[in-house]
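**Student:** sequence and predicted model, in that order:
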Amino acid sequence: MRGVLPSLERYNEYFYYNGHHYFLAGNSESLCLCTFSRYRQVLKLTCNLQKYTKDNGKCSFVVNPHLPYVIYANIKKNKQKTRTYVSFDNGKRFIQIKLRSKRHIILKKNYGVELDLECSDLFINKHFPEKWVAMFRGKLFRKGLVSRHIFITFDGGMHWEMLKSRMEKIIVLNRGGLLFERGKKTHLLYYSFNQGAASYKIDIYTSYITSIRPLDFSYTRVVAAINYDKFFNIYTLLLFDFSNMISICDLMIDRTCTSDDFETVYVPRYHFNCFQGEEISYLKKKRSAFCFDNRTEVQPTIKPCPCSLEDFHCKKNYVFEDAFCKLDPDSNFTELNKTCRDGGIPLIRWNGYDVITHSFAQLDSQLCSPRPIIMDRNSKYADYCISTSNMNVY
């Protein structure tokens, strides 16, 4: 990348998760999200990220610490206003986040969202309280108006819902099955067992909550809060035990979740559920299940699946655009007019794919690993060709 000047002291720009490095690099015109290839080469994932300084505590992007290869970024595309995009394939494609109503109806696309992607030292517990849950404040742009909301996702970022901005100090417990929150103006406390679709009020007035912390054990669901009364100068410790709250609300008898209360959910991907030869799934409590999930740990189920060439990033000096790897206009690299060994048709538009990844002949392999032979990158022959009889990969 030509003219790249990293400014490590100015931007909150570095993440290391799931064995990958993610960092920002830019010049006077654009700020780009980058990563390293397996050969320690810099790969440019996307550019035109919104710039934030350390003074406002925000990041241009954050990486989901629980779900591999899921990235959220604030990008300015086509010289438009900043909008939040999400990638489910390690930054190869970014799509604008989707909103849905509490009834799970996808909203029409005449809107835009810019999340406040905070990245303080405590951002994991604050913004990613559970494996599938992410929560940020942000702006909704719709019909020429701008409004502030709390945005939350219960499926890793595929769909987002809006909570009322007048709520604060939101706590997520029970694998996302219990929401606990406080009203800014009413100073009352609320909770929900179905991901915010229906809320219940606690008839306790709190003048000033200094801290709220979940005490989430296997068989108890307790929230601790400290309230300060300025008039009497008194601190009060409040404990809210939700272990028996389901039966108190006459919803049903309290019970621990059984196998019928869970469903299999897959780590979101751009194409179906497979990515780089792995299909990752978890058992997640159903939204309609009124029970307590007493699992102490949730382990993923990882199954092999067909490896796809499109799951991999473009090689150095190429960028992914319009479903193909194209020569990076910011690169000094000059693409050679390559030919085929047997006189076939060169697939020049695929030269940007890393030849070290699996070939088409190996797509049905159970393992998605690089080929042991490293080809000459300066070869005059194209990486992919169509012969007169069939498709060959050299």
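**Tutor:** Okay, I see it. Numbering: from 1, shown residues only.

**Student:** surely Leu115 meets Gly138?
**Tutor:** Yes - under the criterion of CB atoms under 8 Å, Leu115 is in contact with Gly138, at a separation of 4.0 Å. Glycine gets a C-beta too; all of them are placed from N, C-alpha and C.

**Student:** who has more neighbours out of these two?
**Tutor:** Leu115 (25 against 20; other CB atoms under 10 Å).

**Student:** in contact with that one, which residues?
**Tutor:** Residues in contact with Leu115 (CB atoms under 8 Å, 6 or more residues apart in numbering) are 72, 74, 84, 97, 136-138, 151.

**Student:** okay, and the common contacts of Leu115 and Gly138?
**Tutor:** Common neighbours of Leu115 and Gly138 (criterion: CB under 8 Å, 6+ apart): 84, 151.

**Student:** per-residue pLDDT, the nearest residue to Ser331 once chain neighbours are set aside?
**Tutor:** Once flanking residues are discounted, Ser331 sits nearest to Asn317: 4.3 Å by CB to CB, 6 or more residues apart in numbering. For Asn317, the pLDDT comes out at 78.

**Student:** now swap in Lys108 and tell me
**Tutor:** So, for Lys108, pLDDT stands at 74.

**Student:** so it, which of the three states?
**Tutor:** The three-state label given to Lys108 by DSSP: H, G, I helix; E, B strand; the rest coil is coil.

**Student:** any idea how far it lies from Ser101?
**Tutor:** From Lys108 across to Ser101, the span is 11 Å (CB to CB, to the nearest Å).

**Student:** circling back to that earlier point, nearest to Ala382 among the contacts of Leu115?
**Tutor:** For these, the minimum distance to Ala382 (CB to CB) is 36.5 Å, reached by Tyr72.

**Student:** quick one: the closest one and Val62 touch, right?
**Tutor:** Yes - if you go by CB under 8 Å, Tyr72 and Val62 touch, sitting 5.4 Å apart.

**Student:** picking that back up, which ones among the contacts of Leu115 are found in strands?
**Tutor:** Using DSSP state E to define strands, the subset of those located there is 72, 74, 84, 136-138, 151.

**Student:** counting neighbours, which of those residues end up buried?
**Tutor:** With neighbours counted by 16 or more other CB atoms under 10 Å, those contain buried members at 72, 74, 84, 136, 138, 151.

**Student:** identify the bridge partners of the first one.
**Tutor:** Right, the one you point to is Tyr72. Following DSSP bridges, Tyr72 is listed with bridge partners Val62, Val86.

**Student:** show me what contacts it?
**Tutor:** Tyr72 neighbours (CB under 8 Å, 6+ apart): 61-64, 84-87, 97, 115, 117, 134, 157.

**Student:** how about these in CSV, adding pLDDT?
**Tutor:** Below are these laid out as CSV (pLDDT from 0 to 100):
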residue, pLDDT
Phe61, 92
Val62, 90
Val63, 91
Asn64, 90
Thr84, 95
Tyr85, 95
Val86, 95
Ser87, 94
Ile97, 90
Leu115, 94
Leu117, 90
Ala134, 91
Gly157, 90
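
**Student:** farthest pair within those?
**Tutor:** Largest separation among those by CB to CB: Val63 and Ile97, giving 15.3 Å.

**Student:** can I see the domain layout of this protein?
**Tutor:** With the TED database as the criterion, the domains of the chain are listed as 1-163, 166-251, 261-304, 313-390.

**Student:** if we can go back for a sec, just the buried residues of the contacts of Tyr72.
**Tutor:** Buried positions within those, assessed by neighbour count (16+ other CB under 10 Å), are 61-64, 84-87, 97, 115, 117, 134, 157.

**Student:** and the residues you listed, which is closest to Leu309?
**Tutor:** Closest approach between the buried ones among the contacts of Tyr72 and Leu309, by CB to CB: Ser87, at 17.9 Å.

**Student:** who touches the closest one in this structure?
**Tutor:** Contacts for Ser87 were tallied using CB under 8 Å, 6+ apart; they are 45-46, 69-73, 93-95, 270.

**Student:** Cys257 - nearest residue in space that isn't next to it in sequence?
**Tutor:** Nearest non-adjacent residue to Cys257, counting by CB to CB, 6+ apart: Cys291, 4.0 Å away.

**Student:** surely the one you found and Thr258 touch.
**Tutor:** Yes - using CB under 8 Å, Cys291 makes contact with Thr258 at a distance of 7.5 Å.

**Student:** quick one, which of those two is more surrounded?
**Tutor:** Neighbours were counted for Cys291 and for Thr258 using other CB under 10 Å; Cys291 has more, 21 against 9.
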